[in-house]
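Student: Give me the fold of what follows.
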Amino acid sequence: MCGEPLHPGRSEDDRRGQRRLAAIARAASSVADAGSLSVTLDVVAREVVQAEHIAAVQILRVEGGTMRVVGKAGFTDAEDFTDRLEECRRLGARLMFVEAFRSRRRIVVAHRKAAVLSDPSWAPLHAIMGAPRWDCFVAVPLVVRGRAVGVLNAFYEPGENPGGAALEFLDAMADQAAMAVDSADLLARSRHDAQLAERARLARELHDSVVQQVFSMRMQAKALRSQVASGRTSSPERVQAVADELLGLAQNALADLRSLVHQLHPVELVERGLADAVRAHADSVRSMSGLCIDVEVAERLDLLPAELQEDLYRIVQEALHNVVKHAHATQVAIRIGGAGDAVRDQLLVEITDNGTGLDGRPPREGALGLVSMQARARGWGGRMEIRDTAPGCRVEVMIPVALPGGAR
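Tutor: Predicted structure coming up:
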């Protein structure tokens, strides 16, 4: 068993206790303001290492029978760590963290490093596990809402024997890591649900417009064939009328298909980049609605990930649609650019109108467009807010991402 040091100085205990409290507070702040799961859990792992006499920390996610490292500190980078760990399992290595995960109980093992390095079944990981100076091992399961989602492994420096306070600290940090994993899962499910809802909407539009028009085209084609069938006489005017109707239906169906394809993947975004695609869409809305739309977009945003550019474009597209449909506005301002501070970089998207606003009412819950916009923002660790500006309304999206060099 691992026990308390024989002669701990009270002042050192006090200092260590303060470090633990500060680490828990910083980890909680990181989880609450998470930009991505891996970044958040790396922060949690570093806080554990800095607060305790710990050589290294791993945070593993266990899901569907597979495991992967989602946070670490103190270990050298090894992209094939998970593969090596799986090889150790196949060789018969006893994985204490798996036992902690399955039992949902903390496991403490003294002198674990010597046992690992002397065991041939751990050979694939001897180089990695042997690099840090450690001795005692602690595995703490990440448990949230009654289910285990992963495990935090702590590798204590030689001579350090974690006692009650240290183990309670690890439990608290494991709780923060579990919350981060759970939040990431909820965001992923929310985005997936929004995508399913969007697909259902497109399917309804396809059925209500294109499918119905193609059905009508089929009926008109049959009518045209009957007009020119052998042995039948028909006036050129009647044939012309049916042909004109068929041509009109084909043109409408083609226009609707193009619209649906545009919704699935905006061609302008691929061909022009985000800034020009937003301006082109604003011009299109301006010509159809009469809105006065001012667009201000930072330079070099085409260097952002393509998936992020599309999500930003969709957010602007949906916000403008809502302005046209609900706001009774005459002016709209769109701004996409940086909003960083001394702590972190932020990408800001603002759509502001001078319409009727919300009139103190909260945004309509469950509205497909709003759900989709929120899911797109949260998928990048961001947030979306809608509020009155008297007059009008403002949609604000903040995403924690560094703008490409030179963007402003």
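Student: Report all helices and strands that the helix or strand containing Val316 contacts.
Tutor: Secondary structure assignment for Val316, by DSSP states H and E: helix 306-322. Helix 306-322 sits against helix 267-272, helix 274-289, strand 331-338, strand 347-353, helix 368-378, strand 393-399, with contacts defined as 3 or more C-beta pairs under 8 Å, 6 or more residues apart in numbering; DSSP states H and E. Backbone N, C-alpha and C define where each C-beta goes, glycine included.
Student: Val149 is nearest to which of these?
Tutor: In terms of C-beta to C-beta, the element of the helices and strands packed on helix 306-322 nearest to Val149 is helix 368-378, at 18.9 Å.
Student: so what does the closest one touch, helix or strand wise?
Tutor: Counting contacts by 3+ C-beta pairs under 8 Å, 6+ apart, helix 368-378 packs against helix 164-205, helix 306-322, strand 383-388, strand 393-399.
Student: List the buried residues of it.
Tutor: 369-378 (16 or more other C-beta atoms under 10 Å).
Student: What of stretch 118-130?
Tutor: Neighbour counts over stretch 118-130 (16+ other C-beta under 10 Å) mark 122, 124-126, 128-129 as buried.
Student: Mind picking the one among those that's closest to Gly355?
Tutor: Nearest member of the buried residues of stretch 118-130 to Gly355, counting by C-beta to C-beta, is Ile128, at 59.4 Å.
Student: Helices of the stretch 101-250 of the chain, start to end?
Tutor: In the stretch 101-250 of the chain, the helices defined using DSSP state H, counting those that start in this stretch lie at 112-117, 126-130, 164-205, 212-227, 236-264.
Student: helices and strands around the shortest one, which ones?
Tutor: Which is helix 126-130. Packed against helix 126-130 by the contact rule (3+ C-beta pairs under 8 Å, 6+ apart) you find helix 112-117.
Student: low-scoring stretches of the stretch 301-408 of the chain, by residue?
Tutor: Within the stretch 301-408 of the chain, the segments meeting pLDDT under 70 span 340-344, 359-368, 402-408.
Student: hmm, try it at 50
Tutor: 341-343, 366, 406-408 (pLDDT under 50).
Student: now the chain
Tutor: Those would be 1, 4-9, 32-34, 341-343, 366, 406-408, if you go by pLDDT under 50 across the chain.
Student: Using JSON lines, lay out the buried residues of stretch 118-130 together with distance to Thr82.
Tutor: Putting the buried residues of stretch 118-130 into JSON lines (distance: C-beta to C-beta, whole Å) gives the following:
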{"residue": "Trp122", "distance to Thr82": "15"}
{"residue": "Pro124", "distance to Thr82": "11"}
{"residue": "Leu125", "distance to Thr82": "11"}
{"residue": "His126", "distance to Thr82": "16"}
{"residue": "Ile128", "distance to Thr82": "11"}
{"residue": "Met129", "distance to Thr82": "14"}
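Student: Nearest to Thr330 among the residues you listed?
Tutor: Thr330 has its nearest neighbour among those in Ile128, at 63.7 Å by C-beta to C-beta.
Student: For Val69, give the beta-bridge partners.
Tutor: Leu60 (DSSP bridges).
Student: Please name the residues that touch it.
Tutor: 58-61, 81-82 (C-beta atoms under 8 Å, 6 or more residues apart in numbering).
Student: coming back round to it: who touches the helix holding Val316?
Tutor: 265-266, 269, 273-274, 277-278, 281-282, 285, 293, 301-302, 304, 332, 334, 336, 347, 349, 351, 369, 372-373, 376-377, 379-380, 384, 395, 397, 399, 401.
Student: before we move on, the earlier item: could you say which one of the helices and strands packed on helix 306-322 comes nearest to Gln251?
Tutor: helix 274-289 (18.5 Å).
Student: Show me what counts as buried in the next helix or strand after the closest one.
Tutor: Moving toward the C-terminus from helix 274-289, the next helix or strand (DSSP H and E) is strand 292-297. Neighbour-count burial for strand 292-297, counted by 16+ other C-beta under 10 Å, picks out 293, 295, 297.
Student: Mind giving me the packing neighbours of strand 292-297?
Tutor: Against strand 292-297 (3+ C-beta pairs under 8 Å, 6+ apart) you get helix 274-289, strand 331-338.
Student: CA-only coordinates of the longest one in PDB, if you can.
Tutor: What it means is helix 274-289. Taking Å, rounded to 0.1, in the frame of the first residue of the first chain, the C-alpha atoms of helix 274-289 are listed here in PDB:
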ATOM      1  CA  LEU A 274     -15.500  32.600 -47.600                       C
ATOM      2  CA  ALA A 275     -15.300  36.400 -47.900                       C
ATOM      3  CA  ASP A 276     -16.400  36.600 -51.500                       C
ATOM      4  CA  ALA A 277     -19.100  33.900 -51.000                       C
ATOM      5  CA  VAL A 278     -20.600  35.900 -48.100                       C
ATOM      6  CA  ARG A 279     -20.600  39.000 -50.300                       C
ATOM      7  CA  ALA A 280     -22.200  37.200 -53.200                       C
ATOM      8  CA  HIS A 281     -24.900  35.800 -51.000                       C
ATOM      9  CA  ALA A 282     -25.500  39.200 -49.500                       C
ATOM     10  CA  ASP A 283     -25.800  40.700 -53.000                       C
ATOM     11  CA  SER A 284     -28.400  38.000 -53.900                       C
ATOM     12  CA  VAL A 285     -30.400  38.700 -50.800                       C
ATOM     13  CA  ARG A 286     -30.200  42.400 -51.400                       C
ATOM     14  CA  SER A 287     -31.500  42.100 -54.900                       C
ATOM     15  CA  MET A 288     -34.500  39.900 -53.900                       C
ATOM     16  CA  SER A 289     -35.400  41.700 -50.700                       C
END
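Student: Could you pull up the contacting residues of Leu358?
Tutor: 386-388, 393.
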